[in-house]
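Colleague: predicted coordinates and the sequence they were generated for:
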Amino acid sequence: MQFLYSGLTSGSIYGLVALGFNIIYNTTGIINFAQGEFVMFGGMLIYTFFTIFHVPFAIALPVTVLGSFIIGALFERIFVNFCKYKTEINLFTITLAASIILRDVAMHAWGRDSVKVDDYIPIANLKMPGGVISSQSVLIIIVSLLVAWGLNLFLKRSKYGKAMRACFDDQTAAETCGISVRNVRIIAFGVASFMAGVAGVLISPITFVTYDDGIMIGLKGFCAAILGGMGNFWAAVAGGLMLGIFESFSASIIPSGYKDAMAFFVILLILFVKPDGLFGKKRAHRV
Amino acid sequence: MKRINLFFIILVSALLLLTGFRVENEYYLGVAVLILIHAVNATAMNVLLGYTGIISMGQAAFFGIGAYTSAVLSVTYGINPIATLFAGAAIAFVLAYIVGFPILKLHGHYLAMATLGFGMIIYIFMNEMDFLTGGPSGFVGIGDIVIFGYDLMDEKTFFIAMSVFFVFFLLICELFDKSFLHNKLKFIKNSESACRSYGISPAKTKVLVFASMAALTAFNGGIYAFYTHFISPVSFSFKYSAELLAMATVGGLGYITGGVVGAVCLGLIPELFSTMEEYEMLVYGGVLAVVVMFFPGGISGTLKKLVKRDA
C-alpha cells in the first residue's frame, strides 16, 4: 500500500503535466517539448517569492501561477508564432530550442544548485491502511485533482473554454464562426504553462528544484499523456496516476536505478500496441 | 543526373590539408577531430531527417552503443580495435532493425518521443550496468587504434586518419546524394501512400535506412572511444541527440553539405565563446531557434538560394 500512496503523489504531478501536453496538442497540434521547463519555472518562481523574499504564501501563489501563465503566452508569441514554416519537424525543433533557452536562462537566474522551497503546510504523517502518507502528498493529490476539475469546468462553461473546444474539433470552422484562433492558441499555451506552474509549486518542497529538472518531468508527463491518450482530459489524469503507481510498484521489484527506464518502456509499449492511448479515441489517419 | 558537388569536397579536403599542415597545436587538432566526428553523426542525422523524414532523437544512444562496444570488447576481452568498430556497428544495426520495425510506423512528434524514449532507456542502462560499462564514472583505459601498423596515438596521426576517413565518407555521401536511392528516400518523405502505389515499400526502406544510419553512428562512436580513451554516459545523453539535431538543422536539412556545415559552425561555438562559457548553451538554443524560425533551409539552403538568384 505504501507504494500506492507514493505512486499517487508522483502520478498526480504527471497528470498535471500531461494535461498541459493535451491542451497544447489539441489546439495547435504541437507536442510542446518545453512543458517540463514550465514546471521548473513554476518551482523557481515560488522559490523566489516565497523563500527568498518571504512574500506571504497567499500572495506568492497567485503571482507565481500568473507568472507561469505569462511565460506560456510569451512562449507562444515569440517562438511558435514566428516560426515561418509550420511543419511538424520544425515545430518540434522550435520547442526543443526554446526548452534549451529556458533551461539556460534558469541556470543563469537561479544557479546550478538545487534550491529548497519552504513547506507550505506543517509536515505530519497520516496513518492510512497499510502505510503512512505525508500531509504534503495529500495536498498534492487534492490540489491536482481540484485543478483538473477546475480545468474541466473552464472548458465546459466559460466562453474561452468553449472557444478552445471548438478549436479542438475543427480550426477552420471555428475561425469561420468568428473565434480568434490566434487568441485561443495563446490561451492554450498560457493554460498549459499554468498547469505546469501549479505542478512546479506543488512538488518543489518535496523534491527540490534544479535548473535541469524539466527534461525528466516533461518526458514523464508526455508518457502519461500518451498512456491516457491525447484528446481526453480525464484520460490524461488517469494516465498520470497509472504511470505513477506503476513506477513506484516497479521500483519495489527491480533495482531502483532502472525506475526511470520503466516510464519509457511503458511509452514504447503503448506506442507499439495502441498509439492512441488506453482511453483515446480512434483517430483517422490522414492519407 | 546531377553532377557531384566536387567543389565542396575539394573545399573540405583543402581545409583539412591546411589544418593538417599548419596547425601544430594539439588542442586545436583535437577540436578538429571532434568536429569531424560530430560531422559524420550530423550527416547521418541529416540523411534520416532531411532525406527520409525520420526524426530520431536516439542517435546519441547508437553513438554510445558503438563507443561502449568498442571499449568493452577491446579492453575487457582484448579484441583487435578495428574489429570492435565493426562489431559495434553490427550490434547497433541489429538493435535498430528490431526497434525500428514497430517504431517507424509512427510519425512526427510521436516518432520523436518514441526514439527519445529508446535513447533514454539505453542511457539509463549505460549508467546502471556498472559491471560492464563502469557506470556513471565512466570507462577508462581504452587503448589506441592501429591501422596498417600505424599506431594512432597522438593527435596529429589521429587527425590524418580521421581526415582520410572523412573525405572518403563525404565522397560516398555525395554519390548517395546524386543516386536514385536519394530520390526514393525523398519520395518516402513527401508521401508514403504515393510511394506504396509505385511499388516501393516505405516501411522496409525506412527500417533499412534507420538501421544503416545507426550502424554508421555506432562505427563513429567506436572511433570516438579510441580517440578520447575515456567515455562516460554523459556524452551519450539526450543532450547530444539534441545537439546533432541542431547541427543538421542549422547546416541545412536535405543537403549533404548541411551536416558538415552545421557541425563546423556549432562545433566552433564553444571555442569562439570560451571566454563566456556560461552562455554557450544559450547561444546554441538561440542559433537553432533563429534558423528554424527564419531560415528553414538552414545555412546550406539559404546559400544555395542566394547563389541561384544571382545566376
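Modeller: Yes, it's here.
Colleague: now do the contacts for whichever residue of the stretch 201-311 of chain B sits closest to chain A.
Modeller: Using C-beta to the nearest C-beta, the closest approach of the stretch 201-311 of chain B to chain A is made by B:Gly285 at 3.4 Å. In short, each C-beta sits where N, CA and C put it, glycine included. When contacts are counted by C-beta atoms under 8 Å, 6 or more residues apart in numbering or on different chains, B:Gly285 touches A:Ala97, A:Ala98, A:Ser99, A:Ile100, A:Ile101, A:Asp104.
Colleague: please repeat the previous calculation with a cut-off of 10 Å.
Modeller: A:Leu96, A:Ala97, A:Ala98, A:Ser99, A:Ile100, A:Ile101, A:Leu102, A:Arg103, A:Asp104, A:Val105, B:Ala242, B:Ala246 (C-beta atoms under 10 Å, 6 or more residues apart in numbering or on different chains).
Colleague: and those, which of them are in helices?
Modeller: Members of the contacts of B:Gly285 lying in helices (criterion: DSSP state H): A:Leu96, A:Ala97, A:Ala98, A:Ser99, A:Ile100, A:Ile101, A:Leu102, A:Arg103, A:Asp104, A:Val105, B:Ala242, B:Ala246.
Colleague: before we move on, the earlier item: please tell me how far the residue of the stretch 201-311 of chain B closest to chain A sits from B:Ala263.
Modeller: Noted for B:Gly285: a distance of 17 Å to B:Ala263, by C-beta to C-beta, to the nearest Å.
Colleague: how about residues contacting stretch A:252-260?
Modeller: A:2-3, A:216, A:219-220, A:247-248, A:250-251, A:261-262, A:265, B:120-121, B:123-125, B:127-130, B:135-136.
Colleague: if we use 8 Å, what do you get?
Modeller: Applying C-beta under 8 Å, 6+ apart, the external contacts of stretch A:252-260 come out as A:Phe3, A:Met216, A:Glu247, A:Ser250, A:Ala251, A:Met262, B:Met120, B:Ile124, B:Phe125, B:Asn127, B:Glu128.
Colleague: what of stretch A:137-145?
Modeller: In contact with stretch A:137-145 (C-beta under 8 Å, 6+ apart) are residues A:5-6, A:8-9, A:12-13, A:15-16, A:120-121, A:126, A:198-199, A:202-203, A:206, A:237.
Colleague: let's see 10 Å
Modeller: Taking C-beta under 10 Å, 6+ apart as the rule, stretch A:137-145 contacts A:5-6, A:8-17, A:19, A:119-121, A:124-126, A:128, A:133-134, A:195, A:198-199, A:201-203, A:205-206, A:237, A:240-241.
Colleague: model confidence over it, on average?
Modeller: Stretch A:137-145 shows a mean pLDDT of 87.
Colleague: chain B contacts on the stretch 1-150 of chain A?
Modeller: A:25, A:29-33, A:78-85, A:87-105, A:107-108 (C-beta under 10 Å from any C-beta of the partner chain).
Colleague: what about 7 Å?
Modeller: A:31, A:79, A:82-85, A:88-90, A:92-94, A:96-98, A:100-101, A:104, A:108 (C-beta under 7 Å from any C-beta of the partner chain).
Colleague: SS state for A:Val55?
Modeller: coil (DSSP: H, G, I helix; E, B strand; the rest coil).
Colleague: convert the C-alpha atoms of the least confident helix or strand in chain A by mean pLDDT to CSV, please.
Modeller: Every helix and strand in chain A was compared by mean pLDDT, DSSP states H and E; the lowest is strand A:125-128, with a mean of 76. What follows is strand A:125-128, C-alpha atoms only, in CSV (Å, rounded to 0.1, in the frame of the first residue of the first chain):
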residue,chain,number,x,y,z
ASN,A,125,2.4,11.7,8.7
LEU,A,126,-1.1,10.4,8.5
LYS,A,127,-1.8,6.8,9.3
MET,A,128,-3.6,5.1,6.5
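Colleague: packing partners for it?
Modeller: Judged by 3 or more C-beta pairs under 7 Å, 6 or more residues apart in numbering or on different chains; DSSP states H and E, the packing partners of strand A:125-128 are strand A:131-134.
Colleague: low pLDDT regions in chain A?
Modeller: By pLDDT under 70, the weakly predicted segments of chain A are A:231, A:275, A:277, A:279-287.
Colleague: okay, helices next: where are they in the chain?
Modeller: Answering for chain A, as no chain was given. Under DSSP H, chain A gives helices at A:2-28, A:35-46, A:57-75, A:81-82, A:88-110, A:135-157, A:159-169, A:171-176, A:181-207, A:214-228, A:233-253, A:259-273.
Colleague: chain B is the one I meant
Modeller: Along chain B, counting by DSSP H, helices occupy B:6-22, B:26-46, B:59-71, B:81-103, B:108-128, B:130-133, B:155-177, B:180-190, B:192-197, B:202-228, B:238-251, B:256-272, B:280-294, B:298-310.
Colleague: and chain B, which residues reach chain A?
Modeller: With C-beta under 7 Å from any C-beta as the criterion, chain B meets chain A at residues B:49, B:55, B:102, B:106, B:108-110, B:112-114, B:117-118, B:120-121, B:124, B:127-128, B:193, B:238, B:242, B:245, B:249, B:278, B:281-282, B:284-286, B:288-289, B:292-294, B:296.
Colleague: drop anything exposed from these.
Modeller: Taking 16 or more other C-beta atoms under 10 Å in any protein chain shown as the criterion, what is buried in the residues of chain B next to chain A is B:49, B:55, B:102, B:106, B:108-110, B:112-114, B:117-118, B:120-121, B:124, B:127-128, B:238, B:242, B:245, B:249, B:281-282, B:284-285, B:288-289, B:292-293, B:296.
Colleague: still on that earlier bit, out of the contacts of stretch A:252-260, the closest to B:Leu175 would be?
Modeller: The closest of those to B:Leu175 turns out to be B:Met120 (C-beta to C-beta; 35.0 Å).
Colleague: contact partners for the closest one?
Modeller: Counting by C-beta atoms under 7 Å, 6 or more residues apart in numbering or on different chains, B:Met120 touches A:Leu219, A:Phe264, B:Phe238.
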